[in-house]
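Enquirer: this one's sequence-less:
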């Protein structure tokens, strides 16, 4: 650790390196790196083998580094130095924890001071996000299979052709631990606990844990590097096919019926379809009547993507939301230990708990044996609270009112067609085809009232660049614009239209800009066939002098970009290709449709699904790809689109064009769920405001339409 940087340097003189095979050395060499304080967003204390000897460093690149030290004193010293290294209050850290970690390193105290629970109760963050927050704070890490993030089973119906997420019978009881769901297993666990007689080992209900390295590798058998780890754990071969992860229904049946199986799920069950698909064609063995390949899904899920979507919807459903706090009490809270855990039939083998064994005081042989047992047979998360976790508030219902019916909010002062609509905080920002900026401010009595009217945004755009929605992106503090002859990206005030700042990162005209949902990342595509990625300093009005990354790979002008900070993804479109990069500029993949060849527009859903509009002559098409490049579905269109956008939750696509009709489609199947006829062609759409869409017409009108009224 230097004064401004963190260095990791592989010691090539170490015996472990010198004796390693070439392939292992190549892996070790990947650990070499250097990071400045600006690259680091957060450092958290971590346990290793239930001892506080580790630190996890979270990077701005959405990666993290797990460091294990020889002693707790070294780990504490490193944590203190790391916290001093990265800037305070950067605003980009994980779950907003950085300021709290500077005050205390106790996870329970950080939890007590954090606002995340109140945000979860108010539905500002999802159940998935909140569970990831709890896992992160409780020491669970993707870097440690013994402390892998743990998620609950929420469904218990895996055999029928359909599933109703409004029917409580389809859901698991979250008030009980997974090993005590049935009366018979509960009675057996209680009998084991009450009849236990051992002077050394305390009584327990469950001899196995709900989260172990073996369970994690069981779920991730089909993915690298986990398949290789499992291969090594099993002595150079995969486990017998009868014990492999072959079916969700069989996995659930084993979990609720076998006394030695109490495994919960992992986050991947709610976002990663690839865990169900043997894309690497591993030889997983054979059963009596079949070769083990892909996971057998429930009849109600047609594809892995379908299963993940439905499973995630179940996790976010009202039935889970109203009872999830009970499961949190069992895993992270007041029913994790003590009399409440005994009453809940939730006591595990004593070595899974912190503080039950001080490895430092043991002789070397005993220490090694205990450490191996702790590593392989499960570790209980850090306890975050000792009082009952609060219940989530019911989700507010959206009741259609006056603003939900179609209404004209404004008309362009110049009479020119609308070119861009965006939300700048609570205001609506509009730019027309003559580059005149106007704003609409919310009013309790009138819905929206005119604010700024008719401020021109600089000189005209380059002659061949039409003023379109792709030329602008807005936050509460800045309006980003492109298309200018000097190849600049300009930042205007959304309140006054004044030019605040300009940056230069391209050798030709910039044709499109897009912001991440959080407003912290701006992507820009140019006629020079490159894409630049910029930090916006939380959407403020000043961009850095240089982009954080330059993305290459296109051979023609980039016409549309979309960016997601949460998914570490930039999708860019040119007439010849759709490319996916990381925010750091690493190429990931090309999205190929197979039939359509002229992509034109793109947008990204919160879960990473990518929507692409193809403008092939006589056969325009919408296509949806998964984040991992699978073409999920497509639909032919009756018109060429001028603009399209996703609702804030990503559940619906709204698009329109010359046919004068705004069409709303479900993202999951591209089915039309509603449409709205307009008096002129649709030039710009904004659907970010919950429950509403805003339409900019060729007539200059700006319309508001309630999505609830359509759907």
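Expert: Ah, there it is. Computed from a predicted model, the values in this text were never measured in an experiment.
Enquirer: C-alpha from now on. contacts and neighbour counts both.
Expert: Fine.
Enquirer: right, and residue 113 touches residue 100 too?
Expert: Yes - using CA atoms under 8 Å, residue 113 makes contact with residue 100 at a distance of 7.3 Å.
Enquirer: The two: which is more packed in?
Expert: residue 100 (17 against 12; other CA atoms under 10 Å).
Enquirer: a helix runs through that one, doesn't it?
Expert: Yes - assessed by DSSP: H, G, I helix; E, B strand; the rest coil, residue 100 belongs to a helix.
Enquirer: So for the helix or strand where residue 368 lies, mean pLDDT?
Expert: Secondary structure assignment for residue 368, by DSSP states H and E: helix 364-376. The average pLDDT within helix 364-376 is 83.
Enquirer: same thing with stretch 71-91?
Expert: Average pLDDT, stretch 71-91: 83.
Enquirer: which stretches of the stretch 551-700 of the chain form strands?
Expert: Along the stretch 551-700 of the chain, counting by DSSP state E, counting those that start in this stretch, strands occupy 558-564, 569-574, 577-581, 587-590, 599-604, 610-614, 621-625, 631-636, 641-646, 652-657, 661-666, 672-677, 682-686, 692-697.
Enquirer: In a markdown table: those strands, plus distance to residue 703, mean neighbour count and mean pLDDT.
Expert: A markdown table is the format used below for those (distance: least, CA to CA, whole Å; neighbours: other CA atoms under 10 Å; pLDDT from 0 to 100):
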| stretch | distance to residue 703 | mean neighbour count | mean pLDDT |
| --- | --- | --- | --- |
| strand 558-564 | 24 | 28 | 95 |
| strand 569-574 | 29 | 28 | 95 |
| strand 577-581 | 32 | 23 | 95 |
| strand 587-590 | 37 | 15 | 94 |
| strand 599-604 | 22 | 25 | 94 |
| strand 610-614 | 24 | 26 | 94 |
| strand 621-625 | 24 | 22 | 94 |
| strand 631-636 | 26 | 16 | 92 |
| strand 641-646 | 15 | 23 | 92 |
| strand 652-657 | 13 | 25 | 91 |
| strand 661-666 | 11 | 20 | 90 |
| strand 672-677 | 11 | 15 | 87 |
| strand 682-686 | 10 | 29 | 91 |
| strand 692-697 | 5 | 26 | 85 |
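Enquirer: could I get these as CSV with distance to residue 534?
Expert: Below are those laid out as CSV (distance: least, CA to CA, whole Å):
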stretch, distance to residue 534
strand 558-564, 11
strand 569-574, 12
strand 577-581, 14
strand 587-590, 17
strand 599-604, 18
strand 610-614, 21
strand 621-625, 25
strand 631-636, 29
strand 641-646, 22
strand 652-657, 26
strand 661-666, 31
strand 672-677, 36
strand 682-686, 23
strand 692-697, 27
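Enquirer: Endpoints of stretch 81-101, how far apart?
Expert: In stretch 81-101, first residue to last residue: 13 Å (CA to CA, to the nearest Å).
Enquirer: How about stretch 418-436?
Expert: Across stretch 418-436, the terminal residues are separated by 10 Å (CA to CA).
Enquirer: What are the neighbouring residues in contact with the closest residue to residue 529 other than its chain neighbours?
Expert: Take residue 529 and drop its neighbours on the chain: the residue closest to it by CA to CA, 6 or more residues apart in numbering is residue 557, 4.6 Å away. Contact analysis of residue 557 by CA atoms under 8 Å, 6 or more residues apart in numbering lists 525-530, 574-575.
Enquirer: Closest one of the residues you listed to residue 366?
Expert: residue 530 (58.8 Å; CA to CA).
Enquirer: My guess is the closest one contacts residue 550. True?
Expert: Yes - counting by CA under 8 Å, residue 530 does reach residue 550; the two are 6.8 Å apart.
Enquirer: between those two, which one's more packed in?
Expert: Using other CA under 10 Å as the criterion, residue 530 and residue 550 rank with residue 530 on top: 24 against 20.
Enquirer: Can you pull the phi and psi angles for that one?
Expert: phi -110, psi 160 (degrees, to the nearest 10).
Enquirer: now the nearest residue to it once chain neighbours are set aside: how far from residue 583?
Expert: Among residues not flanking residue 530 along the chain, residue 552 sits closest, at 5.1 Å (CA to CA, 6+ apart). Using CA to CA, residue 552 is found at 12 Å from residue 583.
Enquirer: Looking at those two, which is more packed in?
Expert: More neighbours surround residue 583 than the other of residue 552 and residue 583, with 27 against 17 (other CA under 10 Å).
Enquirer: per-residue confidence at that one?
Expert: With respect to pLDDT, residue 583 scores 91.
Enquirer: doesn't residue 529 make contact with residue 552?
Expert: Yes - contact criterion CA under 8 Å: residue 552 and residue 529 qualify, at 7.2 Å.
Enquirer: Burial check on residue 177, number of neighbours?
Expert: With neighbours defined by other CA under 10 Å, the count for residue 177 comes to 23.
Enquirer: Which pLDDT value goes with the nearest residue to it once chain neighbours are set aside?
Expert: In this structure, residue 177 finds its nearest non-sequential neighbour in residue 346, 6.2 Å apart by CA to CA, 6+ apart. According to the prediction, residue 346 has pLDDT 96.
Enquirer: pretty sure residue 346 contacts residue 330?
Expert: Yes - if you go by CA under 8 Å, residue 346 and residue 330 touch, sitting 7.2 Å apart.
Enquirer: any residues in contact with both of those two?
Expert: Each of 177, 336 lies in contact with both residue 346 and residue 330 under the rule CA under 8 Å, 6+ apart.
Enquirer: quick one: stretch 165-173 to chain centroid distance?
Expert: When distances are taken as CA atoms, centre = their mean, to the nearest Å, stretch 165-173 is centred 25 Å away from the chain's centroid.
Enquirer: And it, end to end?
Expert: Across stretch 165-173, first to last residue, CA to CA, it's 14 Å.
Enquirer: Which residue ranges of the stretch 51-200 of the chain form strands?
Expert: 51-59, 64-68.
Enquirer: Mind checking those for the one nearest to residue 543?
Expert: Ranking those by proximity to residue 543 (CA to CA) places strand 51-59 first, at 20.4 Å.
Enquirer: residues in contact with that closest one?
Expert: Outside strand 51-59, the residues touching it (CA under 8 Å, 6+ apart) are 39-48, 64-76, 78-79, 94, 354.
Enquirer: Kindly recompute the last result at 7 Å.
Expert: 39-48, 64-72, 75, 79 (CA atoms under 7 Å, 6 or more residues apart in numbering).
Enquirer: Tell me how far the helix or strand harbouring residue 438 lies from the chain's centre.
Expert: In the assignment (DSSP H and E), residue 438 maps to strand 436-443. On the basis of CA atoms, centre = their mean, strand 436-443 sits 32 Å off its chain's mean C-alpha point.
Enquirer: Then stretch 238-247?
Expert: Centroid displacement of stretch 238-247 relative to its chain, using CA atoms, centre = their mean, is 29 Å.
Enquirer: Using neighbour counts, pick out the buried residues of that stretch.
Expert: With burial defined by 16 or more other CA atoms under 10 Å, the residues of stretch 238-247 counted as buried are 238-239, 241, 244-247.
Enquirer: hmm, who's touching that stretch?
Expert: Outside stretch 238-247, the residues within contact range by CA under 7 Å, 6+ apart are 218-219, 230-231, 251, 284-287, 292, 295-297.
Enquirer: And stretch 562-578, by the same measure?
Expert: 62, 514-517, 521, 523, 554, 556-561, 579-583, 590-591, 597-604, 608.
Enquirer: what's the span of it, first residue to last?
Expert: Chord length of stretch 562-578, first to last residue, is 11 Å (CA to CA).
Enquirer: Next: stretch 644-656.
Expert: Start and end residues of stretch 644-656 are separated by 7 Å (CA to CA).
Enquirer: For residue 332, give its distance to residue 218.
Expert: For residue 332, the distance to residue 218 (CA to CA) stands at 23 Å.
Enquirer: still on that earlier bit, assign the residue nearest to residue 177 to helix, strand or coil.
Expert: What three-state DSSP gives for residue 346 is coil.
Enquirer: going forward, begin numbering at 25 instead of 1
Expert: Got it, first residue is 25 now, which makes that one residue 370.
Enquirer: what's the neighbour count on it?
Expert: By other CA under 10 Å, 26 other residues sit near residue 370.
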